[in-house]
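J.: Okay, here's the prediction I keep looking at, along with the sequence it came from:
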Amino acid sequence: EPREWDDGSDAARHQKYIEELPAVVDHAVMGLREAMARDNRILGEIELLEKLPGLALPHNTRPDYNSRGDLKTKWSSPSKRSKSGWQNASLPSSLTGMFDLNNVFQAAGFWATNGGQPPFLVYANASDYRIFHPENCDELKDDFLADVVEEIKVQHRCTENLLRAAETKEQLLGMVAPDFNEIAWREPPGYIAEAKRIWGMQ
């Protein structure tokens, strides 16, 4: 069901994505078949839960396919400059962009918890698909992934230090300041109201 608590744009996206869905699915299937063509079998999403060296708590991640790959779908977006009112979704040409590097961090988590299996990322939209793997993408090579894992460990270590320092949930929340403009906070008004209550912002 489309959201009812925004400006109505989600309802328009909902209808557009219903139209695009069959083509996106077709390209996703083609990309996944190619990415896993050498595999003996295909497994769906699993949970990987392993401690990274030097940390107390395990890293938790869920690769979509064969313990090492993920599917990313791309969808058209509203555009006032287009006659149709929509801008076609584009596929990344590399994984160096800010949002695509987030996916590299995700893949590095797979790699660090599955015994170093080579990761892959499949991007699909209504017109095509693109596959990234260590043979065609420097950001998915072992040395780059190892550096990313070290960054992940720094972030996790910071979280662990906060958890150790706080004796209560209220103390823990008081050690971080939420930015409700971030994309992660695009939630229904009731969620935001409760979060602001917990942080004492109402």
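T.: Perfect, thanks for sending it.

J.: show me the contacts for the residue lying closest to residue 66 once chain neighbours are set aside.
T.: Once flanking residues are discounted, residue 66 sits nearest to residue 43: 5.2 Å by CB to CB, 6 or more residues apart in numbering. Quick note: C-beta positions are derived from backbone N, CA and C, even for glycine. Listed by CB atoms under 8 Å, 6 or more residues apart in numbering, the contact partners of residue 43 are 65, 66, 67.

J.: Scan these and report the most crowded one.
T.: Within these, most neighbours by other CB atoms under 10 Å means residue 66, with 21 neighbours.

J.: Got phi/psi on the most centrally placed residue in the chain?
T.: Centrality entry for the chain: nearest residue to the mean C-alpha point is residue 103, 5.6 Å, by CA atoms, centre = their mean. Main-chain torsions, residue 103, degrees, to the nearest 10: phi -70, psi -30.

J.: My reading is that residue 5 lies in a helix. Confirm?
T.: No: per DSSP: H, G, I helix; E, B strand; the rest coil, residue 5 lies outside any helix segment and is coil.

J.: Residue 191 is in contact with that one, correct?
T.: No: using CB atoms under 8 Å as the test, residue 5 is too far from residue 191 to be in contact (9.9 Å).

J.: So for residue 2, what's the pLDDT?
T.: For residue 2, the pLDDT comes out at 86.

J.: burial count for it?
T.: 13.

J.: Now do the contacts for it.
T.: With CB under 8 Å, 6+ apart, residue 2 has these contacts: 10, 11, 13, 14.

J.: what's the closest non-adjacent residue to the first one?
T.: When you say that, I think you mean residue 10. Using CB to CB, 6+ apart, the closest residue to residue 10 is residue 3 (4.1 Å).

J.: likewise the second one?
T.: If the residues on either side of it in the chain are set aside, residue 11 comes closest to residue 2, at 4.3 Å by CB to CB, 6+ apart.

J.: Identify the bridge partners of residue 123.
T.: Residue 123 forms beta bridges with residue 72, residue 130, as assigned by DSSP bridges.

J.: Please list all residues in contact with it.
T.: By CB under 8 Å, 6+ apart, the residues touching residue 123 are 31, 72, 73, 74, 91, 92, 129, 130, 131, 132.

J.: Pull out the buried residues from those.
T.: 31, 72, 73, 74, 92, 129, 130, 131, 132 (16 or more other CB atoms under 10 Å).

J.: can you pull out the strands in the protein?
T.: Using DSSP state E, the strands found in the chain span residues 48-51, 58-61, 69-73, 77-78, 86-87, 120-124, 129-132.

J.: Counting by contacts, list what the second one packs against.
T.: Based on contacts counted as 3 or more CB pairs under 8 Å, 6 or more residues apart in numbering; DSSP states H and E, the elements that strand 58-61 packs against are strand 48-51, helix 98-113.
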